[in-house]
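Novice: model the structure of this input:
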Amino acid sequence: MRLPELTELVARLGLPKYRAVQLGDALYKQRVGKLEEITTLPTEVRERLAAEGYGVGLPEIVQAAKSVDGTERYLVRLADGETVETVWMPGGDGGERGDGSEAAVEEEGEAGDPDAVETALGGPTHRGRAAMNGAPGLVAARRKDQYRDSDSLSQNDDRKGGQSDDAIGASADGYKRATICISSQVGCAVNCQFCLTAKLGIKRNLTAGEIAGQVAAVLNRQHVRIGSGKGVETPSRINLVFMGMGEPFLNYDAFMQSVHVLRAMGIPESRMTVSTSGIEPSIRRFAEETVRPKLALSLNASNDVVRREIMPITRKWDIAALLDAVGSIPLGKREYVTFEYVLLGGVNDQPEHAREVLALLAGMKAKVNLIVWNPGPGIDFQQPKPEDVSVFHRMLIDGGIPTFTRRPRGRDIFAACGQLKRTVDGPVEPGLVAISAAPAAV
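Specialist: Here you go, the predicted model:
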């Protein structure tokens, strides 16, 4: 429940209005897991809520795997026994760069960011030219001390959810922020041919509480306290990406409700990004929202012929329809729409495809995130050649499109983009490190 709904609840029960604030604080700031943990409420109030059928609960992290790069993947069990996967990425994956948000300014302002193309391909990293070179109209990369000492940025953060600069200090692992990748459905109905999740099919939508509850459960596990520098064991600058299992825009109402719940937790919508495969009616609804996360459209092909082969959803809404819908979104002065493009070796990664992408996005406030395809068992695609990635990347930049090649996170534990598949007990997939049971809550 959001605060207005909590207010209605306490009014119906004949309780003072401040009880709604106490409930909201316990749910969203303290992230309690049980009704009896709301100690600011008298025992008789808690007992009455329980008698009326109200409860508090969080999804349970039942399995966890940790990558060599620090990424953690969780198998999260819901109240009915169904499971989804959620990913914690300390330091993020660079996906926000170039979209005009505060998170982008932070990423772009960090000195010595490894060259994204080589990192994505598993090669050696080196300090190279920033990916935003040749990208006109974007905020220039700032040095670390420039944005961390910025009074205006700090005040803006405080207004937008309390993620103040006081809490940015690097953790013991040396990172200053983290990204959580959230699922919106049990399985997925879109059937993208290069994605492991597609093999699951669709079982059901998640509720708003189950979507937001993944974030609460992960923040509790990582001991993150949003909006305070006191006692924080890990960074409290949290970015959220609705890019896990499922298509958020096929579960639109619950997704949007979860956005408001997450804002109540202290995470502003400017630090959230929703990815869609291209559900045209939902994109148009999204354009009318007064509060909305950033949008990322999974383009993944430069023409309808290729896109229909790898993303069957294209048969319902072609690229032209999707671009027209995206064009209806009122963007802020510094806001860019992200187009995600998974590079599949020999399928969509050639110079002619890059030229077609440039033609498609001409005149749009767009940036492109290139994603080197992450392999999975039973999926018959190949990773692109390193030289093809580099050429594709450079062609888009030279054509005036801000372009970034995403760093893969957690590839060794099947936590990278397109690899989530609800791993369960049993034989370990080739290349997947063993999954251990989550430690007991402290």
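Novice: tell me where the stretch 101-250 of the chain is predicted with low confidence.
Specialist: Scanning the stretch 101-250 of the chain for pLDDT under 70 picks out 101-175, 227-236.
Novice: the same query, at a cut-off of 80, please.
Specialist: Where the stretch 101-250 of the chain drops to pLDDT under 80, the residues are 101-176, 227-236.
Novice: look up how far L343 lies from the closest residue to Q193 other than its chain neighbours.
Specialist: Spatial nearest neighbour of Q193, chain neighbours left out: I310 (4.9 Å); criterion: C-beta to C-beta, 6 or more residues apart in numbering. No exception for glycine: its C-beta is placed from N, CA and C like everyone else's. Using C-beta to C-beta, to the nearest Å, one obtains 11 Å as the distance from I310 to L343.
Novice: ok, now A79?
Specialist: Relative to L343, A79 is positioned 39 Å away (C-beta to C-beta).
Novice: those two: which has the busier surroundings?
Specialist: Taking neighbours as other C-beta atoms under 10 Å, A79 and L343 compare with L343 leading, 24 against 14.
Novice: residues touching the more buried one, list them.
Specialist: Residues in contact with L343 (C-beta atoms under 8 Å, 6 or more residues apart in numbering) are 349, 370-373, 383-384, 388-389, 392.
Novice: which among those end up buried?
Specialist: 349, 370-373, 383-384, 388-389, 392 (16 or more other C-beta atoms under 10 Å).
Novice: can you redo those residues as JSON lines with secondary structure and pLDDT?
Specialist: Shown next, in JSON lines, are the buried ones among the contacts of L343 (DSSP: H, G, I helix; E, B strand; the rest coil; pLDDT from 0 to 100):
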{"residue": "D349", "secondary structure": "coil", "pLDDT": "97"}
{"residue": "L370", "secondary structure": "strand", "pLDDT": "95"}
{"residue": "I371", "secondary structure": "strand", "pLDDT": "92"}
{"residue": "V372", "secondary structure": "strand", "pLDDT": "90"}
{"residue": "W373", "secondary structure": "coil", "pLDDT": "86"}
{"residue": "Q383", "secondary structure": "coil", "pLDDT": "90"}
{"residue": "P384", "secondary structure": "coil", "pLDDT": "93"}
{"residue": "D388", "secondary structure": "helix", "pLDDT": "96"}
{"residue": "V389", "secondary structure": "helix", "pLDDT": "95"}
{"residue": "F392", "secondary structure": "helix", "pLDDT": "98"}
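Novice: which one of the residues you listed is nearest to V274?
Specialist: I371 (16.2 Å; C-beta to C-beta).
Novice: from L49, how far out is the closest one?
Specialist: 45 Å.
Novice: can you check T71 too?
Specialist: Distance of T71 to L49, given as C-beta to C-beta: 38 Å.
Novice: quick one: which of those two has more around it?
Specialist: Neighbours were counted for T71 and for L49 using other C-beta under 10 Å; T71 has more, 25 against 21.
Novice: surely the more buried one and A64 touch.
Specialist: No: using C-beta atoms under 8 Å as the test, T71 is too far from A64 to be in contact (11.0 Å).
Novice: strands of the stretch 1-150 of the chain, start to end?
Specialist: 60-66, 72-77, 83-90 (DSSP state E, counting those that start in this stretch).
Novice: for the protein, what spans make up the helices?
Specialist: Under the criterion DSSP state H, the chain contains helices at 3-12, 18-24, 43-51, 102-108, 116-120, 144-148, 151-159, 208-221, 252-264, 280-287, 304-310, 319-326, 351-361, 386-398.
Novice: got CSV for the ones you listed, with distance to S184 too?
Specialist: Below are the helices of the chain laid out as CSV (distance: least, C-beta to C-beta, whole Å):
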stretch, distance to S184
helix 3-12, 21
helix 18-24, 23
helix 43-51, 28
helix 102-108, 20
helix 116-120, 25
helix 144-148, 31
helix 151-159, 26
helix 208-221, 6
helix 252-264, 6
helix 280-287, 12
helix 304-310, 21
helix 319-326, 19
helix 351-361, 26
helix 386-398, 29
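Novice: any idea which of the ones you listed gets closest to V274?
Specialist: Nearest to V274 among the helices of the chain is helix 252-264; the distance by C-beta to C-beta comes to 7.0 Å.
Novice: list of residues touching that closest one?
Specialist: 2-3, 24, 27-28, 161, 184, 205-209, 211-212, 215, 240, 242, 248-249, 269, 272, 274, 279, 282, 285-286, 289, 291-293.
Novice: CA atoms of stretch 196-216 as PDB?
Specialist: Extracted in PDB, the C-alpha atoms of stretch 196-216 (Å, rounded to 0.1, in the frame of the first residue of the first chain):
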ATOM      1  CA  LEU A 196      17.200 -17.700 -21.500                       C
ATOM      2  CA  THR A 197      14.200 -16.400 -19.600                       C
ATOM      3  CA  ALA A 198      12.100 -16.900 -22.800                       C
ATOM      4  CA  LYS A 199      12.500 -20.700 -22.300                       C
ATOM      5  CA  LEU A 200      10.400 -20.500 -19.200                       C
ATOM      6  CA  GLY A 201       7.300 -19.200 -20.800                       C
ATOM      7  CA  ILE A 202       4.900 -17.100 -18.700                       C
ATOM      8  CA  LYS A 203       3.400 -18.300 -15.400                       C
ATOM      9  CA  ARG A 204       2.000 -15.100 -13.900                       C
ATOM     10  CA  ASN A 205       2.400 -11.400 -13.200                       C
ATOM     11  CA  LEU A 206       4.000 -10.200 -10.000                       C
ATOM     12  CA  THR A 207       2.100  -7.900  -7.700                       C
ATOM     13  CA  ALA A 208       3.400  -4.400  -7.000                       C
ATOM     14  CA  GLY A 209       4.400  -5.600  -3.500                       C
ATOM     15  CA  GLU A 210       6.300  -8.500  -5.000                       C
ATOM     16  CA  ILE A 211       8.200  -6.200  -7.400                       C
ATOM     17  CA  ALA A 212       9.100  -3.700  -4.800                       C
ATOM     18  CA  GLY A 213       9.700  -6.400  -2.200                       C
ATOM     19  CA  GLN A 214      12.600  -7.800  -4.200                       C
ATOM     20  CA  VAL A 215      14.300  -4.400  -3.700                       C
ATOM     21  CA  ALA A 216      13.500  -4.300   0.000                       C
END
